[in-house]
Each structure stands twice: as structure tokens, then as C-alpha cells.
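S.K.: Build me a model from this:
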Amino acid sequence: MVSQPRRHPLLLLGVVLAALSAAGAAPPDPAREALPPLAPRSRMPAGRVLFQDDFSERTLEGWVRDREDVWSVRGGMLRGDLPDRKQEHSFIYAGDDSWTDYAVDVDICAMRGVDKGVAVRVEGQKSAVGVDLRGPGYQDVIMHVREWPLGKAQVLNANGVWHHLRVEARGRHFRVWVNGALAIDRSESRRARSNGRFALAAYTGGVGECTVYYDNVVVTELP
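M.R.: All right, here's what the predicted structure looks like:
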């Protein structure tokens with residue numbers, strides 16, 4: 001029996017990439033496929049728990065996706081991954097339309113792109129109070145209702161690192177914390193809804209890419 005010579009892994013990788021190129025397929029993006037570091041174990045916030053998910057189950061029970069191909073559970077975390085095109089977006093929803101005063105706590109780690117965040121008091125798939133945590137090139141957090149801005153603050157949130165976002169909706173008052181620091185504190189009496197479920201977002205924006213992970217989602221009732 002004649003033994004076959006062993007091939008170096010880098011040589012095999014070169015063969016695979018050459019085959020993909022010949023077939024017209026793009027080579028895999030290491031940043032897109034990489035897993036983030038282990039998510040922190042967040043402290044349970046005070047208040048009656050309305051919803052909780054640490055994604056230890058792969059079923060996404062209790063969630064509604066507007067695009068089935070975007071959202072999945074990987075490594076015990078929720079993953080949102082969009083095609084590399086500008087202004088692509090997708091949301092995954094949970095909760096109840098009757099919810100009024102509540103807080104959403106979630107850990108977020110973007111691997112590619114800029115935009116990620118939470119929407120509260122969502123009406124169908126139309127109106128909501130959105131909180132966009134923007135990373136490289138912006139380093140800020142923005143709160144808005146559709147195209148109307150409600151608040152903005154500079155906050156550092158590098159990719160490949162977990163960040164904790166807390167959004168409170170109490171009456172017509174909204175607050176946003178990033179990594180434990182209060183970033184936005186705003187009342188809005190005209191455009192914001194008084195009730196609705198919540199959503200997590202994936203958005204490619206102008207950079208044309210988005211791969212984001214979420215974990216440790218907890219929604220609590222505010223007194």
C-alpha cells in the first residue's frame with residue numbers, strides 16, 4: 001500500500017479559494033463567520049419579568065422574524081446576518097402589543113458593520129421608538145421615531161466587543177443606557193406610541209454589511 005503525501009493546510013486553503021474563484025463564488029469572510037467572545041452574564045434587572053431569552057434553545061420560540069434567512073441561533077447567541085448590500089434591514093419581534101411601561105436589557109456584539117439596536121413600543125411593523133447603537137466611524141447612540149430624531153449621544157462601542165444596552169419606556173419618557181451609563185433622557189409627547197412590543201434590529205446602512213449577535217434579553221415591567 002502506497003501512502004499518500006500529506007498536504008499543508010495552507011495549500012489546501014489555496015486550492016479551495018482558487019476553486020471558488022473559478023466558479024465565480026466569493027471566498028468566505030472570516031469576520032462574518034467568526035464567533036464573538038463569550039457573552040457576559042448580566043445581572044437580572046429589577047422588576048417583574050415580562051420576557052426573557054438567553055438563546056440556550058435553538059427554536060426561537062416566542063419570536064417573529066420578518067426575514068427567515070437573516071436570524072438564527074449560533075453558539076447559544078442570536079445571530080443576525082444580512083446580505084452585503086446597502087440599506088438592507090431586518091427585525092425580530094417579541095412581546096405583546098398591550099405592553100406599556102417596560103425596559104429592555106440586552107447584550108450586543110457586532111462583528112461586521114455599524115448599526116444594531118432595539119425598538120420599543122412597536123406597532124405592527126410600522127411605527128416604533130428606535131435606538132440605534134452605531135459603531136466604527138460614528139461611535140454614538142441615536143433614538144428616533146421614523147425620521148424624527150429624539151436624542152443622540154457619543155458612546156464608544158467597538159466591534160468584536162460585547163456592550164450592554166438598556167432602553168426604558170415609561171409614559172412619554174424614554175431613557176437609554178449604554179454599558180451602565182445614562183446616554184439619552186428624553187420626553188416625547190407627540191410622536192411616540194404609548195404601547196407595543198419590542199424588536200431587535202440588523203441594518204447594513206451605508207457601509208453595506210451587518211453581522212451582529214444578541215444575548216441575555218430581559219424585558220421587565222416598570223412601575
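S.K.: Pairing partners for the strand or helix carrying residue 103, with directions?
M.R.: Using DSSP states H and E, the element containing residue 103 is strand 102-113. Strand 102-113 sits in its sheet next to strand 163-170 (antiparallel), strand 210-221 (antiparallel), going by DSSP bridges.
S.K.: which residue sits closest to residue 98, ignoring its sequence neighbours?
M.R.: Take residue 98 and drop its neighbours on the chain: the residue closest to it by C-beta to C-beta, 6 or more residues apart in numbering is residue 195, 6.1 Å away. Every residue, glycine included, has its C-beta placed from N, CA and C.
S.K.: wait, that neighbour sits on residue 95?
M.R.: No. With contact defined as C-beta atoms under 8 Å, residue 195 and residue 95 do not form a contacting pair (10.3 Å).
S.K.: neighbour count winner among these two?
M.R.: Counted by other C-beta atoms under 10 Å, residue 195 and residue 95 do not tie: residue 95 has more neighbours, with 21 against 15.
S.K.: need the contact list for the residue lying closest to the more buried one once chain neighbours are set aside.
M.R.: Excluding the flanking residues, the one nearest residue 95 by C-beta to C-beta, 6+ apart is residue 197, at 3.4 Å. Applying C-beta atoms under 8 Å, 6 or more residues apart in numbering, we find residue 197 in contact with 93-97, 99, 121-122.
S.K.: hmm, try it at 7 Å
M.R.: For residue 197, the contact set (C-beta atoms under 7 Å, 6 or more residues apart in numbering) comprises 93-97, 99, 122.
S.K.: Which members of those occur in strands, if any?
M.R.: Assigned to strands by DSSP state E, the following of the contacts of residue 197 qualify: 93-94, 122.
S.K.: Go through those residues and name the one nearest residue 166.
M.R.: residue 94 (16.5 Å; C-beta to C-beta).
S.K.: tell me the angle the strand or helix carrying residue 129 makes with strand 163-170.
M.R.: Assigning secondary structure by DSSP H and E places residue 129 in strand 127-134. Relative orientation of strand 127-134 and strand 163-170, computed by axes from the mean of the first three to the mean of the last three C-alpha atoms, to 10 degrees: 150 degrees.
S.K.: and residue 31, how many neighbours does it have?
M.R.: Residues near residue 31, counting by other C-beta under 10 Å: 13.
S.K.: and it, helix, strand or coil?
M.R.: helix (DSSP: H, G, I helix; E, B strand; the rest coil).
S.K.: I'd like the distance between the residue lying closest to it once chain neighbours are set aside and residue 79.
M.R.: Of all residues not flanking residue 31 in the chain, residue 112 sits nearest, at 5.1 Å (C-beta to C-beta, 6+ apart). Residue 112 sits 11 Å away from residue 79, going by C-beta to C-beta, to the nearest Å.
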